[in-house]
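*Asks:* give me coordinates for this.
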Amino acid sequence: MTDGLTRRRFLTGAAAAGLAATGLYELVDRLAAAPKRGLAAVGHRREQHLLVGEQVITDEGIEVIVPSLHHRVVTAKLRVEEGRGSLLAAKRELETALAALEREHEPGPSGLGVTVAWGLPYFRRYVPGPGLQHMPVDERASKAKGRQVSALLDARRYPSDPADTILEGNDLAVLLRSDSRERVAAGARRIFDELSHLLEVTSVRNGFAGGGFGGGPGLPKQMALAAGVPGARRIPDGAELFLGFTSTQRAAMGPSRIANLETLGYTSRNAYFRGGTQMHLSHMYEDLEAWYDRYDYDERVATAFRPGLPVPSGTLTVREHRTNAYEPDLLVSQYKHTGVIGHSAAIQTASRLADDVRGADGTLYKRGTAVPQRADFNTLDHPFAWSSQPERDSMRDGPAAGVHFVTFQPTSDDFDRVRLAMDGVLPDGTKLYFEPRDRGQGFNSVLRTTHRQNFLVPPREHRSFPLVELLS
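*Replies:* Next up, the predicted model:
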């Protein structure tokens, strides 16, 4: 390891100091310097989920977004009495705390990005009447299913999910992102410690992203080695993720306001939540030993992207331009010949625009443009850093390689379409059949999902207790 910290010294020191689960991530700052970023071009946007001042570099001739170094998601349930008066008072308290953080930090990696998202349990219990009137309707899904479908749906299990995947019922989740671990921690304290009379924390989920573009082993590999994760030595030097390939290239991430509820015309009745989006949150374990021992490099390319893709050996950033977006018929043909679908090729059948779209903001989004805006991050949580229900959540001592998966998409159904495509259930109804954890199904053979939930991210002006001011 570059700083001379051996695994034995790290683990012995941790035990001696009584290191808590969150303490593991202190090592991030010893292994990776915060990226050098320019000044933010804009201030606070209407959209909570969009950060300012993100750095874009070139790797293998491909533009790559350098994500915030430190990430934390805190989920909670409310300790607030039902009723307009109590809720309005709580709304003011939370907004005061959020506004104070905004005054102190720009909403980006060099400052602190804070995204507040609300789950269906909140809308059903606290604002059922206004929710019925103002929750956005997913017009595309409603047409397809012949009934009205909300833009925010309960999470579901997918064909490759284990039967024991927990579908959570949190009232809210807060995503904090920054290059500074202390700013993330201070932001969490400002919201959840100082407002503990309003918010009962149910989980804390920590992790990191990036740190692999400056040469050398890279942050994910060094962290996995320090934690003693099986298979860590096989992670390629310079990898952005435990599984090796770069995930934040600009062309594979939804641009601008594309994930907003209103942008692509997927929803109606979205005036109150205009500028908002839908957020999916899940946790997955990653079997690094199986990934690196079971698949050689060419097979990893085939399962991560598509079979037969010509890529020089060892390449980590593989081009995924919009003009190369995969079509269902090509995917089916390839599957019939190889028995493999390829993760990226499969999800592109649902995650890329099938036609040019003029967005509600006037932007022309070209055919093949990606829609999801991912904010996932590496984690060594097992499965969380802390849980209020450790037995239910199967909390374990020690670290484990995984990912806290966060993605912003216009509707829950839009996420469903992409996730089902990952299992071979394509948008046109075609089903490609796999046995559970079949190696031909790409990443699903080495991933195990433990938790899922969908949330609605309001625009900034309604981020605190949305709709309560409309209660009668």
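
*Asks:* packing partners of whichever helix in the chain runs longest?
*Replies:* Secondary structure assigned by DSSP state H gives helix 84-104 as the longest helix of the chain. When contacts are defined as 3 or more Cβ pairs under 8 Å, 6 or more residues apart in numbering; DSSP states H and E, helix 84-104 packs onto strand 113-119. The C-beta positions use only the backbone N, C-alpha and C, and glycine is treated the same way.

*Asks:* still on that earlier bit, pull out the buried positions in the longest helix of the chain.
*Replies:* By neighbour count on 16 or more other Cβ atoms under 10 Å, the buried set for helix 84-104 is 87, 89, 90, 91, 93, 94, 95, 97, 98, 101, 102.

*Asks:* how about the contacts made by the fifth one?
*Replies:* When contacts are counted by Cβ atoms under 8 Å, 6 or more residues apart in numbering, residue 93 touches 195, 198.

*Asks:* strands of the stretch 251-400 of the chain, start to end?
*Replies:* Ranges of strands in the stretch 251-400 of the chain, per DSSP state E, counting those that start in this stretch, are 267-268, 277-286, 357-358, 364-365, 373-374, 377-379, 386-387.

*Asks:* circling back: just the CA atoms of the longest helix of the chain, as CSV, please.
*Replies:* Taking Å, rounded to 0.1, in the frame of the first residue of the first chain, the C-alpha atoms of helix 84-104 are listed here in CSV:
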residue,chain,number,x,y,z
ARG,A,84,-51.2,20.2,10.2
GLY,A,85,-49.9,22.2,13.1
SER,A,86,-47.3,19.6,14.2
LEU,A,87,-46.2,18.9,10.6
LEU,A,88,-45.9,22.6,9.7
ALA,A,89,-43.7,23.2,12.8
ALA,A,90,-41.5,20.2,11.8
LYS,A,91,-41.3,21.5,8.2
ARG,A,92,-39.9,24.8,9.5
GLU,A,93,-37.3,23.1,11.7
LEU,A,94,-36.0,20.8,8.9
GLU,A,95,-35.9,23.6,6.3
THR,A,96,-34.0,25.8,8.8
ALA,A,97,-31.4,23.1,9.2
LEU,A,98,-31.1,22.5,5.4
ALA,A,99,-30.9,26.2,4.6
ALA,A,100,-28.1,26.7,7.2
LEU,A,101,-26.1,23.9,5.5
GLU,A,102,-26.7,25.6,2.1
ARG,A,103,-25.4,28.9,3.4
GLU,A,104,-22.2,27.2,4.6
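
*Asks:* so for stretch 361-379, what gets flagged as buried?
*Replies:* Neighbour-count burial for stretch 361-379 [16+ other Cβ under 10 Å]: 365, 368-379.

*Asks:* could you say which helix or strand contains the residue nearest the centre of the chain?
*Replies:* Nearest residue to the geometric centre of the chain (Cα atoms, centre = their mean): residue 406, 1.4 Å. Per DSSP states H and E: residue 406 is located in strand 402-409.

*Asks:* so what's the spatially closest residue to the residue nearest to the centre of the chain that is not a sequence neighbour up against?
*Replies:* Spatial nearest neighbour of residue 406, chain neighbours left out: residue 375 (4.2 Å); criterion: Cβ to Cβ, 6 or more residues apart in numbering. Residue 375 sits next to 49, 67, 71, 175, 177, 406, 407, 408 when contact means Cβ under 8 Å, 6+ apart.
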